[in-house]
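Asks: For reference, the sequence and a predicted model appear below.
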Amino acid sequence: MLLFPYSCPIDILCRVHRQHLPRSYIIGRRRKHFCLQKQHMQTNREGLGHLMTTELTKLKKPEAIIFDMDGTLFQTESLLLPAYHKMFDVLREEGLYSGPTPPEERILSSLGMLLSQIWKNVMPEAGEAVHRRADELLLQMEIEGLEAGGTLLYPGVAETLAALHERGVKLFVASNGLKDYIHSIVVVHELKELFDGLYSAGGQGTATKTELLRILLDDHGIKDAWMVGDRSSDVEAGKGNGQTVIGCAYAGFGRQDELKGADVIISAFDELLGLYDNSTGQSQ
């Protein structure tokens, strides 16, 4: 979305505003990270090809690298969770919603979907009018949050993007979010000059990330690219367009099998630079 990236028309851990994140949530995230890393290690030991270590994998050098936004570049929860709670406060004040705010896990587990799908998961009992009002309020709250500052990229994102840009790699964003949301994150975090294009479901009017990626590739005449993301929709988009997929396992929003089918899985964003430097062939 300036709502968060999913749908209709939005080193640095010391800076995290933990007052916004319940201790149970922080602990839960740590457990998710541990379980996911443990699963990846075990799968690698068993020799399954879809989980390969960055140290052993050589990929074809890409013309472009295309990134998802939430859970890949941007720490969504640093903006989303405060906005989420404020949104439900307003919905209750307006008489559109009663009862406690749904658990944060409902919206966090829905990241990567379109907003219309997200609200069906978060408050399935509410009607379409309430869902559309939620769209408006969440966008408003997220814009205010971005303007106030304090939102976070994942560690190493700015430095790694700058290094890839210096190497001449074309960089893009492809997100299921709103155009203004994606643009604002890039501007607020001073990344605009690094990207050759920002593509979003809200901006391009697409229903799937596979379709969105196809438009991006066609617009720029790109034959060989890496799709980098943390959700199954990113894997589907990359593979559906015949591209290499780099799965990001550090966000912890998805299921344990979320990145099945990815060519490589990374546990920190800066591993991407080593993958690129170790890749073979010449980019166009």
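Replies: Thanks, I have it. Since the model is a prediction, treat every value here as computed from it, not as a measurement.

Asks: Leaving out chain neighbours, which residue sits closest to the residue nearest in space to the middle of the chain?
Replies: The chain has residue 70 as the residue nearest its centroid, 2.5 Å off, counting by Cα atoms, centre = their mean. Counting by Cβ to Cβ, 6 or more residues apart in numbering, residue 76 is the residue found nearest to residue 70 once chain neighbours are left out, at 4.1 Å. To be clear about C-beta, it is placed using only N, CA and C from the backbone, and glycine gets the same treatment.

Asks: is it true that that neighbour touches residue 111?
Replies: Yes: Residue 76 lies in contact with residue 111 (Cβ atoms under 8 Å); the separation is 6.1 Å.

Asks: Which of those two has more residues huddled nearby?
Replies: residue 76 (27 against 23; other Cβ atoms under 10 Å).

Asks: low-scoring pLDDT stretches of the protein, where are they?
Replies: By pLDDT under 70, the weakly predicted segments of the chain are 1-57, 254-256, 282-284.

Asks: Check the spacing between residue 204 and residue 144 real quick.
Replies: Counting by Cβ to Cβ, to the nearest Å, the gap from residue 204 to residue 144 is 26 Å.

Asks: swap in residue 241?
Replies: The spacing between residue 241 and residue 144, counted by Cβ to Cβ, is 36 Å.

Asks: out of those two, which sits in the busier spot?
Replies: residue 241 (21 against 14).

Asks: first to last residue in stretch 61-70, what's the distance?
Replies: Using Cα to Cα, to the nearest Å, one end of stretch 61-70 lies 25 Å from the other.

Asks: just stretch 115-129 next, same as before
Replies: End-to-end span of stretch 115-129 (Cα to Cα): 13 Å.

Asks: Next: stretch 169-182.
Replies: End-to-end distance for stretch 169-182, by Cα to Cα: 20 Å.

Asks: For it, which residues meet the burial criterion?
Replies: 169-182 (16 or more other Cβ atoms under 10 Å).

Asks: Can you report phi and psi for the residue nearest to the centre of the chain?
Replies: phi -70, psi 130 (degrees, to the nearest 10).

Asks: now the one 10 residues further on
Replies: Here the main-chain torsion angles of residue 80 (degrees, to the nearest 10) amount to phi -70, psi -50.

Asks: That one - how many residues pack around it?
Replies: A count of neighbours around residue 80, defined by other Cβ under 10 Å, yields 27.

Asks: ok, residue 215 to residue 119 distance?
Replies: Here residue 215 is placed at a distance of 26 Å from residue 119 (Cβ to Cβ).

Asks: How about residue 189?
Replies: Residue 189 sits at a distance of 27 Å from residue 119 (criterion: Cβ to Cβ).

Asks: neighbour count winner among the two?
Replies: Taking other Cβ under 10 Å, residue 189 and residue 119 do not tie; residue 119 has more neighbours (25 against 17).

Asks: Excluding chain neighbours, give the residue nearest to that one in space.
Replies: Once flanking residues are discounted, residue 119 sits nearest to residue 131: 4.0 Å by Cβ to Cβ, 6+ apart.

Asks: Next SSE downstream of the helix or strand hosting residue 236?
Replies: Using DSSP states H and E, residue 236 maps to helix 232-240. Sequence-wise, the next helix or strand downstream of helix 232-240 (DSSP H and E) is strand 244-248.

Asks: in the helix or strand following that next one, what's buried?
Replies: Next along the chain after strand 244-248, taking DSSP H and E as the criterion, comes strand 264-266. Within strand 264-266, the residues scored as buried using 16+ other Cβ under 10 Å are 264, 265, 266.
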